[in-house]
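K.L.:
pasting the structure only:
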């Protein structure tokens, strides 16, 4: 008996160490940061590889591989560190949610651009010298990479970590503010453009995630948003894009967005809130159904 006591004490001590170590990694902020670092490293590596290759088609393949690896890192972070399942990236209904997101993003951006054009802020002319296929592939490659990485980090990791600590309302507010602040370093950015991004992108994408509980939906929405802006020849969050059209901008920056592009306009801010509110209402209804123990309609 005397020999077993030290052994039992050693096992108990080791178990406590393992339990403390496991609790550390399961803390939301810890796995959020770990996952964000992993995804950022994957993105950085493939960005460097993409810059060294020639041809937009090869760049698109690299982006698809990067996206797949980033999703894998996300899944491993949630399952191994946070110790929870990942229904938000389930393959079931993935195509349906992604297409719905693309349609939502396309209608949102084209509708905003048409309203600004009707108010005299934009005039579009087909860029006859543009290589259509090259512009299309380049726009898809750039927009898809940004959408996957940003949604995995902001709506996938940050939103869910903060929601676990302080609830969904806090998560929506914090991620929206961080998303706006993350764009302050972009060309042409101002405090207003950051605030506009926080409302029209942070709130809209957060509401979309709460409503559908699918990262495929928010990735599709985010992708279409950036891709349509680029194809129209509008700056994407301040970054100039060689689109299929040349754009003449007239009027106040509050209408046109100025150098920052459409996202700095008051028009998409209002439009996004009109879309976000029904989504948040739908999310609240889904939440009440969940609490009541009934299946949530997909």
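P.N.:
Nice, thanks for sending it over. It should be emphasised that the depicted structure is a prediction, and the values quoted were computed from it without experimental measurement.

K.L.:
where does residue 124 fall, phi/psi-wise?
P.N.:
Backbone torsions of residue 124, given as degrees, to the nearest 10, read phi -110, psi 140.

K.L.:
Please name the nearest non-neighbouring residue to it.
P.N.:
Distances taken as CB to CB, 6 or more residues apart in numbering place residue 245 nearest to residue 124, at 4.5 Å, with adjacent residues excluded. Where C-beta positions appear, they are placed from N, C-alpha and C, glycine not excepted.

K.L.:
So the one you found sits against residue 125, correct?
P.N.:
Yes: assessed by CB atoms under 8 Å, residue 245 is found in contact with residue 125 at 6.3 Å.

K.L.:
Now do the contacts for the closest residue to residue 206 other than its chain neighbours.
P.N.:
Sequence neighbours aside, residue 172 is the residue nearest to residue 206 in space, at 4.4 Å (criterion: CB to CB, 6+ apart). Counting by CB atoms under 8 Å, 6 or more residues apart in numbering, residue 172 makes contact with 159, 202-203, 206-207, 210.

K.L.:
Please, which helix or strand holds residue 172?
P.N.:
helix 168-181 (DSSP states H and E).

K.L.:
Now do residue 257: how many residues are near it, please.
P.N.:
Neighbour count for residue 257, taken as other CB atoms under 10 Å: 28.

K.L.:
What of residue 125?
P.N.:
Look at residue 125: counted by other CB under 10 Å, it has 10 neighbours.

K.L.:
Am I right that it is in a helix?
P.N.:
No: Residue 125 sits outside any helix when classified using DSSP: H, G, I helix; E, B strand; the rest coil, being strand.

K.L.:
Report the contact partners of it.
P.N.:
Neighbouring residues of residue 125 by CB under 8 Å, 6+ apart: 245-246, 248.

K.L.:
try 6 Å
P.N.:
By CB atoms under 6 Å, 6 or more residues apart in numbering, residue 125 lies in contact with residue 246.

K.L.:
so it bridges to which residues?
P.N.:
residue 246 (DSSP bridges).

K.L.:
Return the distance of it relative to residue 233.
P.N.:
Computed as CB to CB, to the nearest Å, the residue 125 to residue 233 distance reads 9 Å.

K.L.:
which residues do these two both contact?
P.N.:
Counting by CB under 6 Å, 6+ apart, the residues touching both residue 125 and residue 233 are residue 246.

K.L.:
The helix holding residue 172: how far from the chain's middle?
P.N.:
Helix 168-181 sits 12 Å away from the centroid of its parent chain (CA atoms, centre = their mean, to the nearest Å).

K.L.:
can you map out the helices along the stretch 151-298 of the chain?
P.N.:
Using DSSP state H, counting those that start in this stretch, the helices of the stretch 151-298 of the chain run over 159-166, 168-181, 191-197, 204-212, 215-231, 253-256, 266-291.

K.L.:
I'd like to know which elements the last one is packed against.
P.N.:
Packed against helix 266-291 by the contact rule (3 or more CB pairs under 6 Å, 6 or more residues apart in numbering; DSSP states H and E) you find helix 94-118, helix 204-212.

K.L.:
ok, and for that helix, which residues are buried?
P.N.:
Residues 266-269, 271-272, 275-276, 279-280, 283, 286 are the ones in helix 266-291 that count as buried (16 or more other CB atoms under 10 Å).

K.L.:
Helix or strand for residue 47, just tell me which one.
P.N.:
Going by DSSP H and E, residue 47 is in helix 28-52.

K.L.:
Now that helix: average pLDDT?
P.N.:
Summarised as a single mean, pLDDT over helix 28-52 is 93.

K.L.:
Show me what counts as buried in the helix or strand that it is followed by.
P.N.:
The helix or strand immediately downstream of helix 28-52 is helix 56-76, counting by DSSP H and E. For helix 56-76, the neighbour count (16+ other CB under 10 Å) marks 56, 59-60, 62-64, 66-67, 69-71, 73-75 as buried.

K.L.:
for stretch 154-165, same thing?
P.N.:
By 16+ other CB under 10 Å, the buried positions in stretch 154-165 come out as 154-164.

K.L.:
how about the residues you listed in a markdown table, adding pLDDT and distance to residue 217?
P.N.:
Below are the buried residues of stretch 154-165 laid out as a markdown table (pLDDT from 0 to 100; distance: CB to CB, whole Å):
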| residue | pLDDT | distance to residue 217 |
| --- | --- | --- |
| 154 | 97 | 14 |
| 155 | 96 | 10 |
| 156 | 96 | 12 |
| 157 | 97 | 17 |
| 158 | 97 | 17 |
| 159 | 97 | 13 |
| 160 | 95 | 15 |
| 161 | 96 | 20 |
| 162 | 97 | 20 |
| 163 | 95 | 17 |
| 164 | 94 | 21 |
